[in-house]
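Visitor: Predicted model follows, preceded by the sequence.
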Amino acid sequence: MESDVRERVRRTEVALRNLNVCIRMASALSFSHELVKDNAGCCASELRSIVGDSGALTISIDRGTLFLDAVPLFVAQDVGTKLSQWLGERGVEKLTFRPGLSEEDILNFVRVGMTVRASDTPEDFGHALQRVGVSTIAVGTTTPKPAELPEDAVHLYRLAVGMVRETFSRLVSLGKIDVVAVDRIATLLTDAVLQDHRDLLRVMTGLQQFDDYTYAHSVKVSVLSIALASTASPDPLLLKEVARAGLLHDVGKLKVPLQILNKPAGLSHEEWQIIKLHPLNGATLLEQSISGPSMVPIVAFEHHVQYDLAGYPRLRKKTRASPYSLLVAVTDSFAAMTSDRPYKPAVAPSEALMIMRSLVGSCYDPTIFRRFEQLIRASLNIPGS
């Protein structure tokens, strides 16, 4: 459940704050000081409650940011920076906590960490932990990323997915959209795409293992939409508005029960009717949250209407959907097809283009799709057909 995930993230952040205090106080005081022991105990207690009897919790460090899975941990900035720096100085890129963790294990982890030399490797660190009897904490390096994927784009993509997750989680708990947070993500993605959209497109099709579908899909649609819109206009203000529309096009799905969204088999008639309400629910929420003229609620409402108007919701007037709704209809479909979903595995980008091409004129605007296909083939080095 979404609430369980948020609680897991929150408790992890609390534990890491305690760990950071323990490290700092142990350096200034002694390991027998009550403040050091109290923070070690609180850290162990929080982590035990998350890990349980059979699980494990892994924190990764990527370019100074702490991650739980693909979610960046919003620990207070100075805490996150100091802790990631302390771990980074010891070559640690991955920190795993296992069942049975105790206060003494945390104290020994900090004690051993303070003895690690610059020439030591994470493997040396791990052996030293084992020698003092710590089997509940493991240190190491992250699985190497494929060499062809640029690290800056990998980091940015993962960071954006985490930021979207945090923003959507606040929306669920507070009932309104954090417009400032959305603008921040839109600016981050727009600037990155304008600098070099090819890196991000390659990362998005090459890092399925980092995907948390709901949030990753929003980032993918936003990036694809920015890149596609930029082929017609370089106006950064327009592109940021397109970025917002891509990020929030499916926001109405937050009102759809997870058991329907994640159902591996076909939907019943009643479930499909619930799914079809998400454009209206999203547009209503966005109208209430965004002041002034904006394409964002329109795109949320129209992105499933289709070029021939045979989609949903049905428009009362037989007029074309907004060009930006038709644009997002294309990027939304491509992002979905090229990602693993609960009910269907991902297809290759070339296969997705072939499927979509057969639907031009019905689902997709011919001109928009032609520009999109040219963009994807050029960016991913897919031969023309």
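Guide: On my side now, so go ahead.

Visitor: contacts, neighbours, all on C-alpha from now
Guide: Will do.

Visitor: Tally up the residues packed near residue 238, please.
Guide: Per other C-alpha atoms under 10 Å, the neighbour tally for residue 238 reads 15.

Visitor: oh, and call the first residue 12 from now on, that's how I've got it
Guide: Got it, the first residue is 12 from now on, which makes the last one we talked about residue 249.

Visitor: If I follow the layout properly, residue 215 ends up in contact with residue 232?
Guide: No: under the criterion of C-alpha atoms under 8 Å, residue 215 is not in contact with residue 232, lying 10.2 Å apart.

Visitor: and the spatially most central residue of the chain, how far is that from residue 145?
Guide: Centroid-nearest residue in the chain: residue 172, 1.9 Å away (criterion: C-alpha atoms, centre = their mean). From residue 172 across to residue 145, the span is 34 Å (C-alpha to C-alpha, to the nearest Å).

Visitor: can you map out the strands along the stretch 262-396 of the chain?
Guide: Using DSSP state E, counting those that start in this stretch, no strands are found in the stretch 262-396 of the chain.

Visitor: which stretches of it have low pLDDT?
Guide: Applying pLDDT under 70 to the stretch 262-396 of the chain flags the ranges 328-329, 396.

Visitor: now the helices: where do they sit in it?
Guide: Taking DSSP state H, counting those that start in this stretch as the test, the helices found in the stretch 262-396 of the chain are 269-272, 280-286, 289-300, 307-313, 334-348, 360-368, 377-391.

Visitor: Over to the stretch 12-161 of the chain?
Guide: Per DSSP H, counting those that start in this stretch, the stretch 12-161 of the chain carries helices over the ranges 13-39, 45-62, 88-100, 114-126, 133-142.

Visitor: can I see the domain layout of the protein?
Guide: Listed domain ranges for the chain are 13-151, 162-391 (source: automatic domain parsing).

Visitor: gap between the last one and the chain center?
Guide: Same thing as domain 162-391. 14 Å (C-alpha atoms, centre = their mean, to the nearest Å).

Visitor: just to revisit the earlier point, now the element after the helix or strand harbouring the residue nearest to the centre of the chain, going C-ward?
Guide: Taking DSSP states H and E as the criterion, residue 172 maps to helix 162-185. Per DSSP H and E, the first helix or strand lying C-terminal to helix 162-185 is helix 190-217.

Visitor: other SSEs contacting that next one?
Guide: Judged by 3 or more C-alpha pairs under 8 Å, 6 or more residues apart in numbering; DSSP states H and E, helix 190-217 is in contact with helix 162-185, helix 224-241, helix 247-259, helix 377-391.

Visitor: What residues sit buried inside the helix holding residue 172?
Guide: 162, 164-165, 167-180 (16 or more other C-alpha atoms under 10 Å).

Visitor: Quickly compare the helices of the stretch 262-396 of the chain and say which is most buried.
Guide: Highest mean neighbour count among the helices of the stretch 262-396 of the chain (mean count of other C-alpha atoms under 10 Å): helix 307-313, with a mean of 26.

Visitor: export it as CSV, just CAs?
Guide: Extracted in CSV, the C-alpha atoms of helix 307-313 (Å, rounded to 0.1, in the frame of the first residue of the first chain):
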residue,chain,number,x,y,z
VAL,A,307,-2.2,20.9,-17.9
PRO,A,308,-5.9,20.2,-16.9
ILE,A,309,-6.9,20.1,-20.6
VAL,A,310,-4.2,17.4,-21.3
ALA,A,311,-5.2,15.4,-18.3
PHE,A,312,-8.8,15.4,-19.5
GLU,A,313,-8.1,14.7,-23.2
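
Visitor: Give me the contact list for that helix.
Guide: Helix 307-313 is contacted by residues 252-253, 255-256, 259-263, 290-291, 293-295, 297-298, 323-324, 332-333, 335-337, 339 when judged by C-alpha atoms under 8 Å, 6 or more residues apart in numbering.

Visitor: that older thread, looking at the helices of the stretch 12-161 of the chain, which one is packed in the most?
Guide: Taking mean count of other C-alpha under 10 Å, helix 45-62 is the most buried of those, at a mean of 20.

Visitor: Spit out the contact partners of residue 350.
Guide: With contacts defined as C-alpha under 8 Å, 6+ apart, the neighbours of residue 350 are 216, 219, 224, 356-358.

Visitor: so can I have JSON lines of the residues you listed showing neighbour count and distance to residue 26?
Guide: Shown next, in JSON lines, are those (neighbours: other C-alpha atoms under 10 Å; distance: C-alpha to C-alpha, whole Å):
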{"residue": "216", "neighbour count": "16", "distance to residue 26": "34"}
{"residue": "219", "neighbour count": "15", "distance to residue 26": "29"}
{"residue": "224", "neighbour count": "18", "distance to residue 26": "27"}
{"residue": "356", "neighbour count": "11", "distance to residue 26": "36"}
{"residue": "357", "neighbour count": "16", "distance to residue 26": "36"}
{"residue": "358", "neighbour count": "15", "distance to residue 26": "40"}
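
Visitor: Just put the residues you listed in TSV and tack on distance to residue 20.
Guide: Shown next, in TSV, are these (distance: C-alpha to C-alpha, whole Å):
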residue	distance to residue 20
216	27
219	21
224	17
356	28
357	28
358	31
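
Visitor: hang on, the earlier thing: can you give me the distance of the residue nearest to the centre of the chain to residue 230?
Guide: According to C-alpha to C-alpha, residue 172 and residue 230 sit 6 Å apart.

Visitor: Go through stretch 101-113 and flag the buried ones.
Guide: For stretch 101-113, using 16+ other C-alpha under 10 Å, the buried residues are 101-106, 108-113.

Visitor: Next step: these restricted to strands.
Guide: In strands, defined here by DSSP state E, the members of the buried residues of stretch 101-113 are 105-106, 108.

Visitor: for these, which one is nearest residue 43?
Guide: Distance to residue 43, by C-alpha to C-alpha, is smallest for residue 108 among those, at 23.0 Å.

Visitor: Nothing else from me, thank you.
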